[in-house]
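In: coordinates only, sequence not included:
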């Protein structure tokens, strides 16, 4: 697990503000926005850790996502601004500290589940909230790494034969 640093905090804040502003800026539901964002080329660049060397602002980010997917008015349910801020912050904090891609996280925990955890966990430190979520799911990050290493050893062993 990686420690949070100044760069990480900046991209967490950027993503949180983007999620928050999506409520007023976009016509689509919050869930649709989050899915589009998490699979976007923009997010892939954020995941690659070189994003803040670009001069991309909030408006530019929305424009880029619209160029990639087109505008959408699909869905009606919009989450609250505080919920969206927290969800955006949590996804990025998790991706940064656990060194996971946004796509991996989206597959692991959907926005509606994060939203349901907002009230019980929003006052916790993000790392504590992530630990509790993983604990509730019975997932130990160390066990997953060990399992991955074991799988790689088996695959390499089979290929060497």
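Out: Received the coordinates, thanks. Quantities reported herein were computed from a predicted structural model and do not represent experimental measurements.
In: and for residue 135, the neighbour number?
Out: 10 (other Cβ atoms under 10 Å). Using the backbone N, CA and C atoms, a C-beta is placed for each residue, glycine as well.
In: for residue 36, that is, sorry about that
Out: Residue 36: 21 surrounding residues under other Cβ under 10 Å.
In: excluding chain neighbours, give the residue nearest to it in space.
Out: Distances taken as Cβ to Cβ, 6 or more residues apart in numbering place residue 69 nearest to residue 36, at 5.2 Å, with adjacent residues excluded.
In: same check on residue 96?
Out: residue 8 (4.4 Å).
In: got it, and residue 132?
Out: Distance criterion Cβ to Cβ, 6+ apart; nearest residue to residue 132, sequence neighbours excluded, is residue 121 at 6.6 Å.
In: and that neighbour, how far is that from residue 107?
Out: As judged by Cβ to Cβ, to the nearest Å, residue 121 and residue 107 stand 20 Å apart.
In: so where's this protein uncertain?
Out: Within the chain, the ranges that satisfy pLDDT under 70 run 52-55, 140-148, 158-161.
In: report the separation between the residue nearest the centre of it and residue 84.
Out: Centroid-nearest residue in the chain, with Cα atoms, centre = their mean: residue 91, separated by 3.0 Å. Residue 91 sits 11 Å away from residue 84, going by Cβ to Cβ.
In: how about residue 44?
Out: From residue 44 over to residue 84 the distance is 21 Å, taken as Cβ to Cβ.
In: who's more crowded, those two?
Out: When residue 44 and residue 84 are compared for neighbours, residue 84 comes out ahead with 25 against 14, by other Cβ under 10 Å.
In: need the three-state assignment for residue 59.
Out: helix (DSSP: H, G, I helix; E, B strand; the rest coil).
In: next, count neighbours for it.
Out: Count around residue 59 with other Cβ under 10 Å applied: 11.
In: residues contacting it?
Out: Contact analysis of residue 59 by Cβ atoms under 8 Å, 6 or more residues apart in numbering lists nothing.
In: any idea how far it is from residue 21?
Out: Relative to residue 21, and taking Cβ to Cβ, residue 59 is found at 9 Å.
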